[in-house]
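>>> Here is my input, please return the structure:
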Amino acid sequence: MTEQVMAAIDGSKFSEGVCDYAAWASQALGAPLTFLHVNDNHPQTAETDLSGNLGLGAREHLLEELAQLDEKRAKVAQEQGRLMLKAARERAVERGVDDPAVRQRNGTLVETLEELQEEIRLLVVGKRGETAHQDSGHLGSNLERVVRTLHRPILMVPDTFRRPERVLLAFDGSKTTRKGVEMLARSPLFDGVPVHVVIVGAETGDNRSQLDWALSTLREAGHEAEGAIRAGEVEATLRAYKQEHNIDLLVMGAYGHSRIRHLLVGSTTTAMLRNARGPVLLLR
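Next up, the predicted model:
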């Protein structure tokens with residue numbers, strides 16, 4: 001089965017960014033692009049149940065009306081999804097993508113992506129979905145569940161596309177982040193893009209050796225690469241480095257036990273991704 005760039009879109013303001021980053025990734029990777037919209041049939045808020053306070057006839061009538069209302073809502077959601085997918089496809093074609101596909105499913109986003117993950121080479125998602133709180137600092141709960149569930153690279157993007165010109169890899173010498181170095185070195189997604197490698201920790205012989213390996217791997221593949229070992233709190237240290245060097249995209253491992261990988265477990269997941277201004281590529 002052909003692995004593809006899959007872009008999950010909804011009615012949020014991040015959908016345009018998802019479209020544009022997905023189009024860029026599809027063209028750079030030479031991979032097919034599929035837009036996915038999921039109609040979540042699980043209500044976000046509980047509706048008041050008044051049926052128990054009514055007489056039998058009135059109760060049956062109300063339940064019938066509620067069923068009809070649910071059916072109408074489902075039809076409206078289906079049509080809204082169709083129009084969103086149509087607009088996304090047209091936007092991608094305008095940006096040079098050859099024949100992007102569209103898929104609309106019913107269910108939850110997490111369950112749908114879990115079913116489809118064998119087809120996914122890269123998943124592109126927005127920082128927040130349409131049901132998330134409108135405060136720009138709030139991270140959509142769907143994204144957290146997707147990160148925990150999927151075993152595929154996930155590109156979390158902001159609402160406006162900016163072609164990455166400098167990439168930062170948060171590196172700790174783990175298996176996941178060593179694979180990240182090798183992926184960056186050979187991926188057409190980052191052809192000609194300078195790569196920065198940062199280890200957050202003490203200046204030790206082991207850390208220096210790990211950093212030297214990462215830099216030499218990238219340079220041998222033709223990348224301009226530079227690196228640093230910095231002490232401090234992981235999130236603050238990476239954020240400061242990004243600002244100093246005008247980094248456009250952060251790459252990091254999603255799970256594990258080291259300080260960097262542990263960022264995406266528990267509440268720190270929300271903190272790291274919530275504060276990201278640019279795209280973040282999460283590796284598994």
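
>>> Please make it C-alpha for all contacts and neighbour counts, starting now.
Fine.

>>> Any stretches of the stretch 51-200 of the chain with poor pLDDT?
51-57, 128-141 (pLDDT under 70).

>>> which stretches of it form strands?
Using DSSP state E, counting those that start in this stretch, the strands assigned to the stretch 51-200 of the chain run over residues 101-106, 120-126, 154-157, 167-170, 195-200.

>>> Could you identify which of these is most buried?
The highest mean neighbour count among these, using mean count of other CA atoms under 10 Å, belongs to strand 154-157: a mean of 26.

>>> now what about that one, what contacts it?
By CA atoms under 8 Å, 6 or more residues apart in numbering, the residues outside strand 154-157 that reach it are 14, 17-18, 21, 122-127, 147, 278-283.

>>> what do you get for stretch 110-127?
Stretch 110-127 has contacts (CA under 8 Å, 6+ apart) with 1-9, 14-15, 17-18, 21-22, 38, 105, 139-140, 142-143, 145-146, 149-159, 273-274.

>>> one step back: take the contacts of strand 154-157 and keep only those in helices.
17-18, 21, 147 (DSSP state H).

>>> about what we covered before: ok, which of the strands of the stretch 51-200 of the chain comes nearest L218?
strand 195-200 (7.8 Å; CA to CA).

>>> Keeping just the C-alphas, turn that closest one into CSV.
The C-alpha coordinates for strand 195-200 follow below in CSV (Å, rounded to 0.1, in the frame of the first residue of the first chain):
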residue,chain,number,x,y,z
VAL,A,195,20.2,21.7,10.4
HIS,A,196,21.0,22.6,14.0
VAL,A,197,21.4,19.9,16.6
VAL,A,198,21.1,20.7,20.3
ILE,A,199,21.7,18.5,23.3
VAL,A,200,20.2,19.9,26.5
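
>>> what number of residues lie near V18?
30 (other CA atoms under 10 Å).

>>> if I look at it, how far off is L116?
V18 sits at a distance of 18 Å from L116 (criterion: CA to CA, to the nearest Å).

>>> G11 too?
From G11 to L116 the distance is 21 Å (CA to CA).

>>> got the angle between the longest helix along the chain and strand 101-106?
Ranked by residue count, the top helix of the chain under DSSP H comes out as helix 56-94. Computed by axes from the mean of the first three to the mean of the last three CA atoms, to 10 degrees, the angle separating helix 56-94 from strand 101-106 equals 160 degrees.

>>> So which bits of helix 56-94 are buried?
Across helix 56-94, burial judged by 16 or more other CA atoms under 10 Å covers 74, 77-78, 80-82, 84-85, 88-89, 91-92.

>>> you'd agree A31 is in a strand?
No - according to DSSP: H, G, I helix; E, B strand; the rest coil, A31 belongs to no strand; its state is coil.
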